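Colleague: Need a 3D model of the following:
(one chain, ligands or ions: 2)
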Amino acid sequence: MNGRTPVSAVRRVQELAVNKFDPPAAYIVKEGVTGPVADTLLSVPVIDPPDVVGHGIPTELLDDVREVGKVFFDLSMEEKKRVSEDGTVGDLEGNSLDWADRLHLLVKPQDQRKLKYWPQKPNNFRELLHEYSTKSKRVAETIVKKMAELLGLEENHFISLYGDQAMEQARFNYYPLCSRPDFVYGIKAHADGGGITMLLQDKEVEGLQVLKDGQWIKVPILPHALVVNVADQMEIMSNGIFKSPVHRAVTNSEKERMSLVIFYSLHYNDEIEPAAALISETTPRLYRKVTVRDYFSVFYPNYLKGERAIGWAKV
Ligand SMILES: O=C(O)CCC(=O)C(=O)O
Ligand SMILES: [Fe+2]
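Modeller: Numbering: from 1, shown residues only. Ligands and ions are numbered 1, 2, ... in the order given. Next up is the predicted model:
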């Protein structure tokens, strides 16, 4: 990915937190963490259709994969740096000035994994991430099938586009303690750039907020649920019927937090465009045909500026 910051530069968030330094000026957002945050929690529709028995991922696996992520971030800085010197541990988006350290790994297609970047400590890390990515891929496929049906398309419409080259990227987000939670974002406001996102939140510490009707709303913790987020590619392919929501994560001065995100996406080489059946005289085409690779290359610089990329794909 373009513009990666070397790992030595991005690991400093945790190092700064460990050393009890206040966030450097660059991390401080002058206006503060903005926008009214609703007192109420978002009422997230819980999908638990009888034919898929929830997400079907054993709760122990969810707990275990969360745990190995935490153990990994608890390793010494030296040990973590051993995983990668090219920014794989750290921040895919370059120097985002988010109060987070990240471990970002391509997990599918399996033959494109770069195993040399996969932690070997704790020693069950690889096995658990493999198992989790395989099971979460099935969840993603079930969801995009349902999404096709909801749009009145043939149920395999999206699945066949994703194909066997569908990508899954795993991102462990580790948010160290932050002494200025009112002025520093864990992850700044953004919409996700893939197809759909499955987020395994921290079991105890809240932080995720979603923008709805101009107001930030806290997303509640459901310990063994996955938060499923429509991302930009599905907004494009549904010709704007499904919306990719803007969300962010805030920091915390008392508790560190970790989330594990799986981005399910078409492959870099694929092209995306609105389904032909969704375009008519009354519902004109809203997005151009673009390659996934081009979309991501526009996505990251926009993310760094706190802007959305989807406008670039508009007709
Ligand atoms: O940590 C979270 O709850 C949100 C993470 C997120 O939005 C992302 O990684 O894209
Ligand atoms: Fe996100």
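
Colleague: in the protein, which spans are helices?
Modeller: 7-10, 12-18, 59-74, 77-83, 125-150, 157-162, 232-237, 292-304 (DSSP state H).

Colleague: got those helices as CSV, with distance to M198 columns?
Modeller: Backbone N, C-alpha and C define where each C-beta goes, glycine included. Listed next are these as CSV, based on distance: least, C-beta to C-beta, whole Å:
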stretch, distance to M198
helix 7-10, 24
helix 12-18, 24
helix 59-74, 11
helix 77-83, 23
helix 125-150, 5
helix 157-162, 14
helix 232-237, 13
helix 292-304, 18
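
Colleague: got the buried residues for stretch 294-307?
Modeller: Across stretch 294-307, burial judged by 16 or more other C-beta atoms under 10 Å covers 295-296, 298-300, 302-304.

Colleague: Ok, stretch 273-285 next?
Modeller: Under 16+ other C-beta under 10 Å, the buried positions of stretch 273-285 are 273-275, 278, 285.

Colleague: now swap in stretch 136-155 and tell me
Modeller: 136-137, 139-148, 151, 153.

Colleague: which parts of the stretch 201-315 of the chain sit against ligand 1?
Modeller: Residues of the stretch 201-315 of the chain lying near ligand 1 by C-beta under 6 Å from any ligand atom: 201, 207-208, 247, 249, 259, 261.

Colleague: ok, back up a step: just put the buried residues of stretch 273-285 in JSON lines and tack on pLDDT and distance to K314.
Modeller: Listed next are these as JSON lines, based on pLDDT from 0 to 100; distance: C-beta to C-beta, whole Å:
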{"residue": "E273", "pLDDT": "98", "distance to K314": "12"}
{"residue": "P274", "pLDDT": "98", "distance to K314": "11"}
{"residue": "A275", "pLDDT": "98", "distance to K314": "17"}
{"residue": "L278", "pLDDT": "98", "distance to K314": "15"}
{"residue": "R285", "pLDDT": "98", "distance to K314": "10"}
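
Colleague: Show me the strands in the stretch 151-300 of the chain, by range?
Modeller: 167-175, 185-190, 196-200, 208-212, 215-218, 227-230, 247-250, 257-265, 271-272, 290-291 (DSSP state E, counting those that start in this stretch).

Colleague: The third one relative to helix 125-150, how many degrees between them?
Modeller: For the pair strand 196-200 and helix 125-150, the angle between their directions (axes from the mean of the first three to the mean of the last three C-alpha atoms, to 10 degrees) equals 130 degrees.

Colleague: So which elements touch strand 196-200?
Modeller: helix 59-74, helix 125-150, strand 227-230, strand 257-265 (3 or more C-beta pairs under 8 Å, 6 or more residues apart in numbering; DSSP states H and E).

Colleague: could you dump the ones you listed to a markdown table with mean pLDDT?
Modeller: Below are the helices and strands packed on strand 196-200 laid out as a markdown table (pLDDT from 0 to 100):
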| stretch | mean pLDDT |
| --- | --- |
| helix 59-74 | 94 |
| helix 125-150 | 96 |
| strand 227-230 | 94 |
| strand 257-265 | 97 |
